[in-house]
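*Asks:* fold the following, please.
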Amino acid sequence: MDIQRLVLFIVFSMSVLFLWEGWQKEQRPAVTAAATATTTTADAAKGAAALPQDATPIPGEKLASGQPDKSAPAVSVLPVEAVGKLATGEKILVKTDTVMAEIDTAGGDLRRLELLQHPDKEDKSKPYALLQNEAGRAYIAQSGLIGEGLPSHKTQYTAVGALQYQLAPGQDKIEVRLLAPETAGTNVRVSKIYTFHRGSYVVDVGFEITNQGTTAIQPFSYFQMLRDSKPVSGSIFMVQSYTGAAVYTDQDKFKKVDFPSLDKDKAIYPKNADNGWIAMLEHYFLTAWLPKDKTPREYYAKRLGEHEYSAGVIVPTGVIEPGKTVSVSMPLYAGPQEQRALSALAPGLDLTVDYGWLTIIGAPLFWLLSLFHSWVGNWGAAIILLTVLIKALFFPLSAASYRSMAKMRVIAPKLQRLREQHGDDRQRMHQAMMEMYKTEKINPMGGCLPILVQIPVFISLYWVLLASVELRYAPFVLWIHDLSAPDPYYVLPIIMGITMIIQTKLNPTPPDPIQAKVMQIMPIAFSIFFFFFPAGLVLYWLVNNTLSIAQQWQITRMIESTTAIAASKKK
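*Replies:* A predicted model of the protein is given here:
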């Protein structure tokens, strides 16, 4: 296979890799752990995941028997309405410097959460609504207690205080308190408390439980996300970002729990642990319940109905003696997938940023990109600096490859004479060509090395630019206001096409006329392909091409000059 065919093969293979990755994102089930490391579907029948779809979560035997009081609490099973048919009550509005939240007294649910610092993809003038409960879309956070007569996410709470809150200057947090009605015969008083913090996407959700009876109680609390399976809008060409649940534990690490596996009741994930978290993921954003480390908990995920799912965690509150008050609280992170902030919140939480199968390259690339951004304050300029660094690292390899290509360019007339001399005898022609390569000390495959080396970096950077929320709506210059989206006027792809044409002129001319025409058409076709790529990725490729042209031109000029001088001396 000669160099021109190999280049075409590489370009085609790279395109197939992107299509394959996109198809896998959409079709393949989440990677599962070995059976010995997880609870099987049969085991799950004892716990929350095997409950009927119209039941609230029930702690499994492992969690219940692991408590100081071995007797399991009485559990009230309440009907669950469909996601789109939730009861409504009074709405409590909360505004901080980072979020606008809406709490409904029906269930005490967090039913809307707008991220004030992240614009909506469809309408940039509006904040992005991560949580919402509207026609055709539902994604809410729920919580409740498990025990006879205790409030669940079906309980009608009463607001204690105002219905509107706003974080005042100098105020660090806002506390919203809801009061549950006391069920006759239980003698338990329960308050549900939301705490919003300045400069944070973490909302503490908790219960204050007072046992006013004469016997001890041992309730459990549960915290869950409820959402439909509708993917977020504004997807990018050839990208099917993951939408679904995920669980992390120290033992099993990061595990996706996708909706199709829940539909088939084949989801396998760690359920009982004393560490980790559970989350719902979508492109750029996530919600995650973050239980306190070294405390027992049970994770669950289940299908509630057609395109409706829940994922959450059950934790014990401990034994509450008569006359005592116990508080239980669970942090809820609901915000962007900002890696530095996520890694500081909980171990493994930054793994929710998915760089695909080349994460081992993508993660260092993003680290370097963030470092450069901290220097220059512009993500486009950071991409340029990253490109220069990558080019510098591969400079020796590229130089060797370009020298090989320059020598191929010099002997191109000799190769053409060989083709004319041997005609249709391809075997003798190839033998003669290999002898010439050996005599001239040329590696005919050497010119492909820069492309081969750059493909993993190219694919990794592709996913870095698409998965990193830091680059969402990140401007560069002039008309480019979002490096994660395609160039709206196709200026960068057109300029990149021009650089590819220049590179084609510097490459050896293929002796075969058909190959020569294909090599002339390829830059145009490849540029059209780039019309749909993020502007940041095209910027990387454009800068890389420009640097390659400069390097290749200089090397080609030196080789041709040296050859001309040597030829003149022979005469």
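*Asks:* A strand includes Met280, no?
*Replies:* Yes. Secondary structure of Met280 (DSSP: H, G, I helix; E, B strand; the rest coil): part of a strand.
*Asks:* low-confidence stretches in the stretch 201-350 of the chain?
*Replies:* 233-240 (pLDDT under 70).
*Asks:* and the strands in it, which stretches?
*Replies:* 202-211, 220-228, 244-249, 253-257, 272-273, 277-282, 285-289, 297-305, 308-316, 325-336 (DSSP state E, counting those that start in this stretch).
*Asks:* so which of those gets nearest Glu134?
*Replies:* Minimum separation from Glu134 across the strands of the stretch 201-350 of the chain (Cβ to Cβ) falls at strand 220-228, 10.8 Å. For every residue, glycine as well, the C-beta is placed using N, CA and C.
*Asks:* how big is the angle separating the closest one from strand 297-305?
*Replies:* Here strand 220-228 points in a direction 40 degrees away from that of strand 297-305 (axes from the mean of the first three to the mean of the last three Cα atoms, to 10 degrees).
*Asks:* so what strands line up beside strand 220-228?
*Replies:* Counting by DSSP bridges, the strands paired with strand 220-228 are strand 137-146 (antiparallel), strand 308-316 (antiparallel).
*Asks:* tabulate these (CSV), appending mean neighbour count and distance to Gly377.
*Replies:* Below are the strands paired with strand 220-228 laid out as CSV (neighbours: other Cβ atoms under 10 Å; distance: least, Cβ to Cβ, whole Å):
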stretch, mean neighbour count, distance to Gly377
strand 137-146, 24, 33
strand 308-316, 24, 38
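*Asks:* mind putting those into CSV with distance to Leu466?
*Replies:* Shown next, in CSV, are the strands paired with strand 220-228 (distance: least, Cβ to Cβ, whole Å):
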stretch, distance to Leu466
strand 137-146, 21
strand 308-316, 24
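*Asks:* buried residues, stretch 327-346. List them.
*Replies:* 328, 330-339, 341-342, 345-346 (16 or more other Cβ atoms under 10 Å).
*Asks:* could you dump that stretch to CSV, C-alpha only?
*Replies:* The C-alpha coordinates for stretch 327-346 follow below in CSV (Å, rounded to 0.1, in the frame of the first residue of the first chain):
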residue,chain,number,x,y,z
SER,A,327,-31.3,15.2,62.3
VAL,A,328,-30.3,13.6,59.0
SER,A,329,-28.9,15.5,56.0
MET,A,330,-27.8,14.7,52.5
PRO,A,331,-25.9,17.0,50.2
LEU,A,332,-27.3,17.3,46.7
TYR,A,333,-25.0,18.6,44.0
ALA,A,334,-27.0,19.9,41.0
GLY,A,335,-24.9,21.8,38.6
PRO,A,336,-22.3,21.8,35.9
GLN,A,337,-19.6,19.1,35.4
GLU,A,338,-16.7,21.3,36.4
GLN,A,339,-14.0,18.9,37.1
ARG,A,340,-12.0,20.8,39.7
ALA,A,341,-15.1,21.5,41.8
LEU,A,342,-16.4,17.9,41.4
SER,A,343,-13.1,16.3,42.5
ALA,A,344,-13.1,18.4,45.6
LEU,A,345,-16.7,17.4,46.5
ALA,A,346,-16.3,13.6,46.5
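*Asks:* going forward, count from 273.
*Replies:* Fine by me, first position is 273 from now on; the one you just mentioned is stretch 599-618.
*Asks:* run the chain-centre distance for it.
*Replies:* Centroid separation between stretch 599-618 and its chain, computed with Cα atoms, centre = their mean, to the nearest Å, is 16 Å.
*Asks:* now tell me what touches the host helix or strand of Leu657 from outside.
*Replies:* Leu657 belongs to helix 651-665 when assigned by DSSP states H and E. The contact list for helix 651-665 (Cβ atoms under 8 Å, 6 or more residues apart in numbering) reads 637, 640-642, 644-645, 647-648, 670, 729, 733, 742-743, 746-749, 752, 755, 808, 811-812, 815-816, 819-820.
*Asks:* just the buried subset of these, written out for ChimeraX, thanks.
*Replies:* Buried residues within the contacts of helix 651-665, by 16+ other Cβ under 10 Å, are selected in ChimeraX with:
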select :637,640,641,644,645,670,729,733,742,743,746,748,752,755,808,811,812,815,816,819,820
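*Asks:* inside helices: which ones of the contacts of helix 651-665?
*Replies:* 637, 640-642, 644-645, 647-648, 670, 729, 733, 808, 811-812, 815-816, 819-820 (DSSP state H).
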